[in-house]
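Asker: Any chance you could fold what I've pasted below:
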Amino acid sequence: YRPDLVLCTGDTTEKPLHVHSEHLQPLLQMIHRIAVPIIFLQGTPSHEPYGFLNNLETAAGMVITVLDKPQVIIGPISGFASKGEASDKEIAIAALPALNKPMLAKWAVDLGLGVEEPGEIIRSLMLWIAEQWKDFTGPKILLGHWTVNGCATASGQTLYASDMSIGLDDLALSKADAVLLGHIHKAQKWD
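Answerer: Below you'll find the model as predicted:
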């Protein structure tokens, strides 16, 4: 089995990741063995300091795409090629990395969303994504590093109304075929 693409939705390790981290070498070895394009979404800064993931490309000796701002990329998977043969299948990827209220406000200004309240910014971001890929007929994947209202943590706690959370109704506005969110470190299923 060989995937076309590997997507990491942030917080690549349970512990903080830094240049002297005991978790870095195993991660680099895994990356080096994978002969397909790899995309990393910026995780929580306490796990992955801003800018650190960009160093993985040099350390692993291959091309790694790091998404650290809101964006929608549409094109062939080969556009993310790292080594070996990559697929020419077309794909659309939307990125919403880890953030806090000041970052959310900055993105609203950068994208010209015209809203200021966090909930309105989140809804506007989802609608912005839907608009960016509305004419694309291939797979649409939303990558995020957010808390979702109602998700269950590894300890069994159900999260509601946290400082920076998003609801399933908000996620649905993006019109994504798949939503991959990495913030809670546990698989979730949205029916």
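Asker: Now do the strands in this protein.
Answerer: 6-8, 38-41, 65-67, 71-76, 90-96, 140-144, 147-148, 165-166, 178-181 (DSSP state E).
Asker: Just tell me which of these ends up closest to residue 29.
Answerer: When the strands of the chain are compared by C-beta to C-beta, strand 38-41 sits nearest residue 29, at 13.2 Å. (Glycine included, C-beta is placed from N, CA and C.)
Asker: which residues are contacting the closest one?
Answerer: With contact meaning C-beta atoms under 8 Å, 6 or more residues apart in numbering, strand 38-41 is reached by 5-10, 12, 31, 53, 56, 64-68, 80, 82, 93, 95, 97-98, 143-145, 182.
Asker: can you list the strands of the chain in a markdown table and add distance to residue 115?
Answerer: Compiled in a markdown table, the strands of the chain are given as follows (distance: least, C-beta to C-beta, whole Å):
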| stretch | distance to residue 115 |
| --- | --- |
| strand 6-8 | 28 |
| strand 38-41 | 23 |
| strand 65-67 | 23 |
| strand 71-76 | 19 |
| strand 90-96 | 16 |
| strand 140-144 | 19 |
| strand 147-148 | 20 |
| strand 165-166 | 15 |
| strand 178-181 | 22 |
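Asker: could you dump the ones you listed to a markdown table with distance to residue 103 and mean neighbour count?
Answerer: Output for the strands of the chain, formatted as a markdown table (distance: least, C-beta to C-beta, whole Å; neighbours: other C-beta atoms under 10 Å):
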| stretch | distance to residue 103 | mean neighbour count |
| --- | --- | --- |
| strand 6-8 | 20 | 19 |
| strand 38-41 | 14 | 23 |
| strand 65-67 | 14 | 21 |
| strand 71-76 | 14 | 16 |
| strand 90-96 | 10 | 22 |
| strand 140-144 | 13 | 23 |
| strand 147-148 | 15 | 20 |
| strand 165-166 | 14 | 21 |
| strand 178-181 | 16 | 18 |
